[in-house]
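# model the following, please.
(chains A and B)
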Amino acid sequence: MSLKSYSRGRAIHVMLVYTGGCNGCDIEIVNCIFSPKFDAEQYKVFLTWNPREADVLVVTGPVTKHNEKPLLEIYNAIPEPKAVVAAGACALMGGVYKNIHGDIPSEEIAGPVDQIIPVDAKVPGCAVRPQDIVAGLVSALPLLLNAD
Amino acid sequence: MDDNKEKRTVIEAEIPMGTVHPAALEPYRVRLFVEDEIVRDAEITVGINHRGVERIMEGLPVEKANSLTEKICGICSNSHIWNSCLTAEKPLGIEVPERAGYIRIIMEELERLHSHLLYLAHGSEVLGHETFAMRLFYIRETVMELLGMIGGNRVHYGASILGGVRPRCELDEMRIQQIKNGMDLLEEKITAFADRFVSDPLVMSRITGVGVISQKDALRLACTGPTLRATGVEKDLRRDMEEYDPFEFDVITQDDGDVKSQLLMRVMENFESIKIIRQAIRDLPPGPITNRSWEMKDTPLTKSYIEVPRGTLYHSYALEDGRVRNCVIRTPSMANIGAMQYACIGHHITDAQLCVVQCDPCFTCTDRAIQIIEI
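Next up is the predicted model:
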């Protein structure tokens, strides 16, 4: 085990990217990592806003056209090895904004997250439950810890 | 020498923040035009998370459209579905049972509680006081659990339907007792938090006199909701709504219009919400919660305004064969953008984000502006 993967086992940094959902998943994820009730920090999972520091990228929301390029840039800025967790119905399949419409389909959605960047773990729910987020994050950890 | 001094100009620099920025949870862009680290002008750009909800609602069956309006915002989701139901109920002549009205009020006030607590947590985080933010998230968890218990989901509860509330949101004795216990717990915890907040000299010195919006400017910039009330204008749409007639509550105002007033106002409003929920539970009338005896017909364009945690929410649409036409939604954060930009001016750049956050922005609601070229 290299020094890098040893230290990664001590602290996983999660970056949350919000690509145009409804705020619901977003707040639940912050709540899950931050609040004393769920407290993902006790599992050594920390929230960061710096892509160069991050190990796991959590993406919420259907990616709107404006957000497609920033998301790719953020993904490329994260150093290897990295894992991507798509959280919420919108991130998995576009949610209501892509799939439910009346006369005019939505032209604003660039598609679910896995059409833009590779996704390693998917967390369903509208909005995602904090318990599911912890499970999703944990399921993505072997990718990071067994990388080298 | 003197000539050189005259020629010397301060280079005006632009500091862009966003679209992904640690202090702003949502994607929006703030451009700060600074001069010697003092903000001279600010510009907020929205539209990054525009999903075209109004457009995809065009031609949806009204029941489906109501559920879709809920997905506009993950913070004030009940407000959207409630107002959307009211917009259809008025012209269709649907009489909402009294008990359903009370349950709607309980959901709305619980939502106001969690929205204000989230605002305070976000504000504390931007202030740099993460302990307060963590404590507030913990207090907020009580409300989220109550909402999850009543609605079945922690975020999108879907309580209102045309003609009442969903059967799963019926309040039985056990649920009423849980809400009662929750309110007692919340009052105790928020009081303790407020004492700690007000008596913290570091926090108070950081927020007093920062981001002042005067009453004149707040009216000129057409602010709404708590942002307007924090400048001393006693305007609360809940006073004019017939749904709120049976309840006694005070309209909280603060005088200064700075970040301190904004934060303290939300703290005080929490107690009013607790008061309303207690009254609603005490006087909860018996009877059915859903009125199913109504018929669909074509309706003209109808407007509906309600007071939501951030201000006045506007929905309007017409019905044609039970389908939504010409839907327009205007959210309170749209009205407050002017105040956010204005509050930044004249402050140090370190205070700029605080000045934006003090108006409780919710840009995911706000990105409604669309241009329909052809229908």
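# now the helices: where do they sit in chain A?
Remark: helices assigned in chain A by DSSP state H are A:3-10, A:24-34, A:65-77, A:89-93, A:95-99, A:130-145.
# right, I mislabeled it, should have said the stretch 1-150 of chain B
Using DSSP state H, counting those that start in this stretch, the helices of the stretch 1-150 of chain B run over residues B:2-7, B:53-57, B:62-70, B:77-92, B:98-127, B:130-151.
# of all the ones you listed, which lies closest to B:R292?
helix B:98-127 (11.6 Å; C-beta to C-beta). For the C-beta atoms, the positions are set from N, CA and C on the backbone; glycine is no exception.
# hmm, back to that, please identify which of the helices of the stretch 1-150 of chain B is closest to A:D55.
Closest to A:D55 of the helices of the stretch 1-150 of chain B is helix B:130-151 (C-beta to C-beta; 21.1 Å).
# which residues are in contact with that closest one?
Contact with helix B:130-151 is made by A:31, A:34-37, B:103, B:106-107, B:110-111, B:113-114, B:117-118, B:120-122, B:124-125, B:154, B:157-159, B:168-169, B:171, B:175, B:178-179, B:182, B:185-186, B:189-190, B:193, B:196-197, B:203, as judged by C-beta atoms under 8 Å, 6 or more residues apart in numbering or on different chains.
# give me the buried subset of those.
Listed as buried from the contacts of helix B:130-151 are A:31, A:34-35, B:103, B:106-107, B:110-111, B:113-114, B:117-118, B:120-122, B:124-125, B:154, B:157-159, B:169, B:171, B:179, B:182, B:186, B:189-190, B:193, B:197, B:203; burial here means 16 or more other C-beta atoms under 10 Å in any protein chain shown.
# so where's the longest strand in chain A?
strand A:12-18 (DSSP state E).
# now stretch B:121-135, how far from the centre of its chain.
19 Å (C-alpha atoms, centre = their mean, to the nearest Å).
# got the buried residues for that stretch?
B:A121, B:H122, B:G123, B:S124, B:E125, B:V126, B:L127, B:H129, B:F132, B:A133, B:M134, B:R135.
# can you redo those as a markdown table with pLDDT?
Shown next, in a markdown table, are the buried residues of stretch B:121-135 (pLDDT from 0 to 100):
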| residue | pLDDT |
| --- | --- |
| B:A121 | 91 |
| B:H122 | 89 |
| B:G123 | 89 |
| B:S124 | 90 |
| B:E125 | 87 |
| B:V126 | 87 |
| B:L127 | 87 |
| B:H129 | 88 |
| B:F132 | 90 |
| B:A133 | 90 |
| B:M134 | 90 |
| B:R135 | 91 |
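# and those, which two are furthest apart?
It's B:V126 and B:R135 that sit farthest apart of the buried residues of stretch B:121-135, by C-beta to C-beta, at 15.6 Å.
# make a markdown table from the helices of the stretch 1-150 of chain B and add distance to A:A87 to it.
Output for these, formatted as a markdown table (distance: least, C-beta to C-beta, whole Å):
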| stretch | distance to A:A87 |
| --- | --- |
| helix B:2-7 | 56 |
| helix B:53-57 | 21 |
| helix B:62-70 | 19 |
| helix B:77-92 | 17 |
| helix B:98-127 | 18 |
| helix B:130-151 | 17 |
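# closest to B:Q254 out of these?
helix B:98-127 (13.9 Å).
# hang on, the earlier thing: and which of the buried residues of stretch B:121-135 is nearest to chain A?
For the buried residues of stretch B:121-135, the minimum distance to chain A (C-beta to the nearest C-beta) is 6.1 Å, reached by B:M134.
# who in the stretch 1-150 of chain B is up against chain A?
B:19-22, B:25-27, B:47-53, B:55-60, B:64-65, B:68, B:71-75, B:77, B:118, B:133-135, B:137-138, B:140-141, B:144 (C-beta under 8 Å from any C-beta of the partner chain).
# buried ones among those residues?
For these, a neighbour count by 16+ other C-beta under 10 Å gives the buried set as B:19-21, B:25-27, B:47-53, B:55-60, B:65, B:68, B:71-75, B:77, B:118, B:133-135, B:137-138, B:140-141, B:144.
# and A:N67, how many neighbours?
Per other C-beta atoms under 10 Å in any protein chain shown, the neighbour tally for A:N67 reads 25.
# quick check: residues of the stretch 151-300 of chain B near chain A?
B:N153, B:R154, B:V155, B:H156.
# again, only this time at 6 Å
B:V155 (C-beta under 6 Å from any C-beta of the partner chain).
# let me know the helix or strand that the residue in the stretch 151-300 of chain B that chain A sits nearest to is in.
For the stretch 151-300 of chain B, the nearest residue to chain A under the criterion C-beta to the nearest C-beta is B:V155, separated by 3.8 Å. In the assignment (DSSP states H and E), B:V155 maps to no helix and no strand.
# how about chain A, which residue sits the furthest from its center?
In chain A, A:D103 marks the outermost C-alpha relative to the chain mean, sitting 31.9 Å out by C-alpha atoms, centre = their mean.
# gap between that one and B:R323?
From A:D103 over to B:R323 the distance is 9 Å, taken as C-beta to C-beta, to the nearest Å.
# who in chain A is up against chain B?
A:18, A:20, A:22-24, A:31, A:34-37, A:49, A:64, A:66, A:96-97, A:101-104, A:106, A:108, A:127.
# please work out which residues outside stretch B:77-94 touch it.
Residues outside stretch B:77-94 that contact it (C-beta atoms under 6 Å, 6 or more residues apart in numbering or on different chains): B:62, B:66, B:69-70, B:72, B:104, B:107-108, B:111, B:156, B:159-160, B:162-163, B:294, B:299, B:302, B:304, B:306, B:308, B:313, B:315.
# out of the residues you listed, which are buried?
Buried members of the contacts of stretch B:77-94, scored by 16+ other C-beta under 10 Å, are B:62, B:66, B:69-70, B:72, B:104, B:107-108, B:111, B:156, B:159-160, B:162-163, B:299, B:302, B:304, B:306, B:308, B:313, B:315.
# centre of the chain to stretch A:98-112, how far?
For stretch A:98-112, the distance to the chain centre is 22 Å (C-alpha atoms, centre = their mean).
# which parts of that stretch are buried?
For stretch A:98-112, a neighbour-count test (16+ other C-beta under 10 Å) marks A:K98, A:I100, A:H101, A:G102, A:S106, A:E108, A:I109, A:A110, A:P112 as buried.
# which one of those residues is nearest B:T231?
Comparing the buried residues of stretch A:98-112 against B:T231 with C-beta to C-beta places A:E108 closest, at 35.5 Å.
# for the closest one, give me the pLDDT.
At A:E108, the model reports a pLDDT of 82.
# any low-confidence regions in the chain?
Picked chain A for this. Within chain A, the ranges that satisfy pLDDT under 70 run A:148.
# my question was about chain B
If you take pLDDT under 70 as the line, chain B has these spans: B:1-11, B:23, B:368-375.
# in it, which spans are strands?
So, for chain B - with DSSP E - the strands run B:13-17, B:29-35, B:38-45, B:160-161, B:164-165, B:299-308, B:311-320, B:323-330.
# now the first one - C-alpha only, PDB.
Included here for strand B:13-17 are C-alpha records, laid out as PDB according to Å, rounded to 0.1, in the frame of the first residue of the first chain:
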ATOM      1  CA  ALA B  13     -10.800  45.100 -11.400                       C
ATOM      2  CA  GLU B  14     -13.500  42.500 -11.700                       C
ATOM      3  CA  ILE B  15     -13.800  39.600  -9.300                       C
ATOM      4  CA  PRO B  16     -16.100  36.900 -10.700                       C
ATOM      5  CA  MET B  17     -17.500  34.400  -8.200                       C
END
